[in-house]
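K.L.:
attaching a predicted model along with its sequence, questions to come.
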Amino acid sequence: MKRYYQNSLKLLLVLVLAFSFTACSSDNSSKDADRTTEENERTEDAADSDIAESKDKETLKVYMWWDITTSVGLQEMEKKFEAENPDINIEWVTIPSGYADAMITKLAAGEIPDVMMLAMDQVPRYAEAGMLMPLNDLAPKEYVDSLYDVVKEATTIDGTMYAAARDVTPKVMYINTKMFEDAGVKIPEDTWTIDDFLEAAQQLTKGSGADKQWGYYWANYADQTYALIAAFGGNMYSEDGTTSVFSTDPKTQEAMKFMYDLYNTYKVCPSGVEAKQFGDKEMAAFMANKVAMQIGGLSQAGNLAATGVEFTALPIPYLDGVSQTSSFVNTWVIPNKAKNPEASWKVVEFLSGKEGQQIALDTNMGLPASKDVDTTGFINAAPYNKYFVQALETAVPYPTHANAAAFQTMFVKECEYLWAGEYSLEEFANTVDEQSKSLLKAD
Amino acid sequence: MKEKVNNLKSNRHKFGMSYRNKTTNRIYHILMILLSIIMVYPFLWSLFSSFKPVSELYSGNPLNFIPQNPTIENYERLFEILPFDRMLLNSIFLSVVIPIGMIVVSSITAYALARLDFKGKNVIFILLIAVMMVPSHVTTIPNYKTIIDLNLTNSYWALFLTSVFTATNSFNIFFFRQYFLTIPKDLENAAVIDGCSKFRVFLQIIMPNSKPAIATTAILSFRSVWNQFLFPMLVISDYDKLPLTVGLKYLKEWEPNWAVLLAGSSLSIVPIVIIYLIFQKYFLQSNLTSGFGGT
Amino acid sequence: MIRTTRKKYSLKAKEARLGWLFVLPALIGFSIFTFGAIIRSLYYSFTDWDLLTKPKFVGLKNYIDIFTNDKYFYQYMGNTLFFVITLVPIVLVFSLLLAVLINKKSKGLSSKIYRVILFLPSITSTIAVSMVWMWIFNPNMGLINNILGLFGLKGPNWLNDPSWAKPALVIMRVWQMSGYYMIMFLTGLQTIPGGLYEAAKIDGANKAQSFFRITIPMLANTTFAVVIMLVVEAFNMFESIFIMTSGGPLGSTSTMMYYIYEKSFIEYKMGYASALSWIFFIIIFIITLIQYKFRNEREGE
């Protein structure tokens, strides 16, 4: 009887092990399969180009989180591109939610688009994993030279350019004009300083209970917090990317102190909780006329206009004569295993070059990456638009890191404690930097 | 006067109920009604509020049940932001199809374990049941990777496989096996003598006689699949393919208007409540088995 | 003689073959998605892995880091234990009382109706119900604070207050789970022979005495099952936290499950998350074993 059980147990173990490791090794086998199909396709392409002028339309798949049916700008770009490149047909694929995660699983599973949208903070991570094709050889010099500095910095890692800009979003300070008017406070000049900003915030914080309103707010996301750090000239990560600089960089410390004071000393900001009662959206409290000033990018202008709130914008307040804003760059990238890099580059060059970026600007998708783009139309469209363009000249890219996700999750948690006054500034700086060392470590 | 009191006393005997019992009776009912209101209030209130315009919801007294200006604008907005109509169908589809798979697999496995004799049978049974002890979060990450490797992301197969072949179904196997063991052996033996193969015995004798077990398992599995959240959220990226629970999560991120959020919640709750009210017998009976229940 | 034996063997072999055939789908499926997954999860827990690249073996580093280097581990473990220590006794007592109440008139129609209504909260999805309760707990516009206001009390900030967020979640879960366990107790109550109560009454026992001397001991089996299930459910609290508080405010409602989710699907530290889930699993396992042992010892009395 005992042998019965022993034997059946052995059999079971064998079965279990067999199946558990089959699943493990299946990714290796699928990679091999991919390689052979790739090679086949390359030889096919070579054969095609031998047959001169075969006029066979090549379909390139572009993955993104936008929807081609609702994006006027993208539709125009498509029209123009296909007019200039009749042999290429673009198929747009929309991944509406959880884009970064969904794309990772797709790439890991062997579903490789020809071109894909990627947020700049994901670029280092993808690049480090070898998933992106370097663009240095594909991009001509005049293209690279025409880019704003902030774009070049944002898309280059260790000298290699991995991404091309889709559009640039420098930040400005949105002003709720109705609240200023109701409080009898004059809207500051566009040369306003940090001190002017603080004064305005204090004048606009008043009331209690259901009438309570505040002067300033920023959502507890790393990029929102960074916007003010940038205004002070501070940084998040060290040069070599091994640690954060909250206890070592004086400008960063100054910025954090300022933000801490906004909450705890001057009390001009609602807590995240107080702001969220007006909704989950970043600018919900601003839209509800409860917060008078908030930093945001160009896309927020569209959201604000849609809700009917009265607003304008000013540059980020000046500190020591400089108005420095942080800028986020959304990009187009070419996956490393794309089947036709040259064709992919044609699409990318168009979308991120002078022509595509002109359309992007004219349709309010975002600020252009190329200095060659004519901004006069845009500037004339709204009185505050010039500040966006102005910001481009001096913007710094949002700091990115391959392990940013882990760092940012910790950072946001610690910030919550700091704004609530549970930490002193030194405790905060020390614990963040301490934890950053293990979170940022290159694997 | 004394006569009246005596009369009352004798009447008491006649009707067999004392005044004291009547009051305890009343207290009992009041208490139960109070508890019932507590249990039911959130559902009804959510449903009614979903028909209030948002201004009424935000400013009005939450104790006001009935909307003063009833409107369907919240539901209109609901279907506008996300394809909730599609999601409702998706949830229904998944909650019907996956349990069918679960029942098929668990019943044949249970039958083999209950009535067929083969080497290693007991070991297999113990293994299949022992995994109920392992919490689901242990297997979530590896299964996520497996789904990626098998190229099943964004497909309902991922949900099907992880529902049918994990501890969720172990309980069904256990349950069916218990039930099959109680079916009198004479029925089977008679069929075997008549020349039925064991396979036919399964199809034509065991299953038709297990209707209560099938019904209970079906209901429990329906409820379990209807309420699935984490794995569908991880695996499915197309809005059109999401079930209601995940849709609600995205709704919360996109829409600050609480009236619309309540509309979404109501939409997720009403169907299962209806199913529950119709099939209550099976829901309540499921707890009759000893040990583990499905959550 | 030989003939019948041969027939017996072939029949037995046929039955064995059919048995294996029937069991095969579940066996294969479970091997991939359950047994295999458990083993792979253990393997991942010894690696550093971000899903994009191959897992890198790091030995016990994750486990060591969790116990020595992880600022949040102990706090979140504490949160989880808080939920277990509060939910289990409260739901246990509450559902038992409900069952006793319902059982008084178990034959009547009204009792059947109450039963259905009280069970209702446990069948709906936690996600949907959490949304409704979020609104109920809203400090200014929600139901609870408005009712408290009627009595002249100012309600706390509930989900937004680090001290009140956990109690708020406990309230919501008690509401949601009690009906389910009430039914389990009800079934248990109905197996107690009425004769026992009659005998006690004759001996002069009052209601309280018969409750504690008869009902409770006779419910030992059911109580045990309920406690086991409650402990597991309390440890696994996730969906309500995911929707209602996202682990906040100030990390006061982050439980182990939530932490594991955050580490794996937000930070993409899958190896670390796997180690966390194994530690968590072992803790639950030990607690369950203790419960079994405790019960066996009591059985021996």
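P.N.:
Here it is on my side, so go on. Here the structure is a predicted model, which means the values were calculated and not measured. Numbers count the residues shown, from 1 in each chain, chains lettered A, B, ... in the order given.
K.L.:
drop to CA atoms for contacts and neighbour counts, all remaining ones
P.N.:
Will do.
K.L.:
looking at chain B, which residue is nearest chain A?
P.N.:
B:Pro256 (4.1 Å; C-alpha to the nearest C-alpha).
K.L.:
ranges for the strands of chain A?
P.N.:
According to DSSP state E, chain A carries its strands in the segments A:58-64, A:88-94, A:115-119, A:156-157, A:160-161, A:164-170, A:172-176, A:214-216, A:291-296, A:311-314, A:326-333, A:396-397.
K.L.:
B:Ile92 versus B:Trp254, what's the distance?
P.N.:
Going from B:Trp254 to B:Ile92 by C-alpha to C-alpha, to the nearest Å gives 24 Å.
K.L.:
quick one, which of the two is more surrounded?
P.N.:
B:Ile92 (18 against 15; other C-alpha atoms under 10 Å in any protein chain shown).
K.L.:
can you pull the pLDDT of that one?
P.N.:
pLDDT recorded at B:Ile92 is 92.
K.L.:
quick one: which helix or strand includes it?
P.N.:
helix B:84-115 (DSSP states H and E).
K.L.:
and that helix, anywhere near chain A?
P.N.:
No: interface with chain A: helix B:84-115 contributes nothing (C-alpha under 8 Å from any C-alpha of the partner chain), its closest point being 14.5 Å away.
K.L.:
the helix or strand following that helix close to chain A?
P.N.:
As assigned by DSSP H and E, the chain's next helix or strand after helix B:84-115 is helix B:121-130. Yes: counting by C-alpha under 8 Å from any C-alpha, contacts between helix B:121-130 and chain A involve B:Val123, B:Ile124.
K.L.:
rewinding a little: now the angle from the helix holding B:Ile92 to helix B:121-130?
P.N.:
With axes from the mean of the first three to the mean of the last three C-alpha atoms, to 10 degrees applied, the angle from helix B:84-115 to helix B:121-130 works out at 150 degrees.
K.L.:
is helix B:84-115 in proximity to chain C?
P.N.:
Yes: on the criterion C-alpha under 8 Å from any C-alpha, helix B:84-115 is in touch with chain C at B:Val105, B:Ser106, B:Ile108, B:Thr109, B:Ala112, B:Leu113.
K.L.:
wait, the third one sits on C:Leu24?
P.N.:
No: in this structure B:Ile108 lies outside contact range of C:Leu24 using C-alpha atoms under 8 Å: 9.8 Å.
K.L.:
okay, these two: which has more neighbours?
P.N.:
Here B:Ile108 and C:Leu24 are compared on neighbour count by other C-alpha under 10 Å; more neighbours surround B:Ile108, at 25 against 15.
K.L.:
quick one: name the residues of chain B near chain A.
P.N.:
Residues of chain B lying near chain A (C-alpha under 8 Å from any C-alpha): B:119-120, B:123-124, B:146, B:148-151, B:153, B:237-239, B:252-257.
K.L.:
do that again at 7 Å, thanks
P.N.:
B:Lys119, B:Gly120, B:Val123, B:Thr146, B:Ile148, B:Asp149, B:Asn151, B:Ser237, B:Asp238, B:Glu253, B:Pro256, B:Asn257 (C-alpha under 7 Å from any C-alpha of the partner chain).
K.L.:
how far away is the first one from C:Leu11?
P.N.:
Here the criterion is C-alpha to C-alpha. By it, B:Lys119 lies 15 Å from C:Leu11.
K.L.:
now the last one
P.N.:
If you measure B:Asn257 against C:Leu11 using C-alpha to C-alpha, the figure is 68 Å.
K.L.:
higher neighbour count, those two?
P.N.:
Comparing B:Asn257 with C:Leu11 by other C-alpha under 10 Å, the one with more neighbours is B:Asn257, at 19 against 13.
K.L.:
next up, the contacts around the more buried one.
P.N.:
By C-alpha atoms under 7 Å, 6 or more residues apart in numbering or on different chains, the residues touching B:Asn257 are A:Gly279.
K.L.:
so what pLDDT did it get?
P.N.:
B:Asn257 is given a pLDDT of 77.
K.L.:
try A:Val16
P.N.:
pLDDT at A:Val16 comes out at 55.
K.L.:
which residue is the nearest non-sequential neighbour of C:Ala165?
P.N.:
C:Leu159 (4.3 Å; C-alpha to C-alpha, 6 or more residues apart in numbering or on different chains).
K.L.:
count residues in the vicinity of that neighbour, would you?
P.N.:
Look at C:Leu159: counted by other C-alpha under 10 Å, it has 24 neighbours.
K.L.:
confirm that it lies within a strand, as I assumed.
P.N.:
No: assessed with DSSP: H, G, I helix; E, B strand; the rest coil, C:Leu159 is helix; it does not lie in a strand.
K.L.:
any idea how far it is from B:Val40?
P.N.:
On the measure of C-alpha to C-alpha, C:Leu159 and B:Val40 end up 22 Å apart.
K.L.:
repeat for B:Leu248
P.N.:
21 Å.
K.L.:
residue closest to the middle of chain A?
P.N.:
A:Ala119 (4.3 Å; C-alpha atoms, centre = their mean).
K.L.:
so it touches A:Phe328, yeah?
P.N.:
No: the criterion here is C-alpha atoms under 7 Å, and A:Ala119 misses it with A:Phe328 at 8.4 Å.
K.L.:
which ones are touching the residue nearest to C:Ala165?
P.N.:
Neighbours of C:Leu159 in contact, by C-alpha under 7 Å, 6+ apart: C:Phe137, C:Ala165, C:Ala168, C:Thr245.
K.L.:
stretch C:10-27 near chain B anywhere?
P.N.:
Yes: residues of stretch C:10-27 contacting chain B under C-alpha under 7 Å from any C-alpha: C:Glu15, C:Ala16, C:Gly19, C:Phe22, C:Val23, C:Ala26.
K.L.:
in that stretch, what's buried?
P.N.:
Neighbour-count burial for stretch C:10-27 flags C:Lys14, C:Glu15, C:Ala16, C:Arg17, C:Leu18, C:Gly19, C:Trp20, C:Phe22, C:Val23, C:Pro25, C:Ala26, C:Leu27 (criterion: 16 or more other C-alpha atoms under 10 Å in any protein chain shown).
K.L.:
swap in stretch B:215-232?
P.N.:
B:215-229, B:231-232.
K.L.:
helices - which of those land there?
P.N.:
B:215-226, B:231-232 (DSSP state H).
K.L.:
of these, list those near chain C.
P.N.:
Answer for these near chain C (C-alpha under 7 Å from any C-alpha): B:Arg223.
K.L.:
in CSV, list the ones in helices among the buried residues of stretch B:215-232 along with pLDDT and distance to C:Pro249.
P.N.:
CSV is the format used below for these (pLDDT from 0 to 100; distance: C-alpha to C-alpha, whole Å):
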residue, pLDDT, distance to C:Pro249
B:Ala215, 85, 43
B:Thr216, 83, 41
B:Thr217, 87, 40
B:Ala218, 89, 40
B:Ile219, 85, 37
B:Leu220, 84, 35
B:Ser221, 90, 35
B:Phe222, 89, 35
B:Arg223, 84, 31
B:Ser224, 87, 30
B:Val225, 92, 31
B:Trp226, 89, 30
B:Phe231, 92, 25
B:Pro232, 93, 27
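K.L.:
ok, now which ones touch B:Lys241?
P.N.:
Counting by C-alpha under 7 Å, 6+ apart, B:Lys241 has contacts B:Met87, B:Asn90.
K.L.:
quick one: low-confidence parts of the chain?
P.N.:
You didn't say which chain, so I picked chain A. A:1-56, A:210, A:442-443 (pLDDT under 70).
K.L.:
looking at chain C here, not the other one
P.N.:
C:1-9, C:106, C:299-301.
K.L.:
run a quick neighbour tally on the residue of chain A found nearest chain B.
P.N.:
The minimum distance from chain A to chain B, using C-alpha to the nearest C-alpha, falls at A:Gly279 (4.1 Å). Per other C-alpha under 10 Å, the neighbour tally for A:Gly279 reads 21.
K.L.:
tell me if I'm right that it and B:Pro256 touch.
P.N.:
Yes: using C-alpha under 7 Å, A:Gly279 is in contact with B:Pro256, at 4.1 Å.
K.L.:
follow-up on the earlier one: go through the strands of chain A and name the closest to A:Lys371.
P.N.:
strand A:164-170 (11.8 Å; C-alpha to C-alpha).
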